[in-house]
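J.: Attaching a predicted model along with its sequence, questions to come.
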Amino acid sequence: MTSELEQIKILEGKVAQIVEHFSRLSSENAHLKDELKLLKAEKKELQEKLKAFETLEEEIKRLRQEKEAVKTRIEGLVTQMEKLGI
């Protein structure tokens, strides 16, 4: 009988270990879910910033092109004024 009681105690110990391990895994899973939620929010924020950056980049490109066009026109006007002696 002692042998059976020892086996039951061993089994109880193993069940306790399994319960403890399951509890740790559940806690870790909850933590990872929270972390995933934060990372998804950060990803969304970074995507929005990237989109804004790309918009600004396009605007800068357009403004540079406009600047070059204005510069060319001004140079043309200066050339015409020089021809007139102004």
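T.: Alright, I've got the coordinates.
J.: Point me to the helix or strand that includes the most centrally placed residue in the chain.
T.: Geometric centre of the chain, nearest residue: K43, 2.8 Å, by CA atoms, centre = their mean. Using DSSP states H and E, K43 maps to helix 2-84.
J.: Any idea how far that helix is from the middle of the chain?
T.: 1 Å (CA atoms, centre = their mean, to the nearest Å).
J.: backbone phi and psi for G85, please?
T.: Per-residue torsions, G85: phi 80, psi 20 (degrees, to the nearest 10).
J.: burial of it, as a residue count?
T.: By other CB atoms under 10 Å, the residues close to G85 number 5. Where you see a C-beta, it was placed from the backbone N, CA and C, and this is true even at glycine.
J.: now do I86
T.: By other CB under 10 Å, the residues close to I86 number 7.
J.: now do F53
T.: Neighbours of F53 using other CB under 10 Å come to 10.
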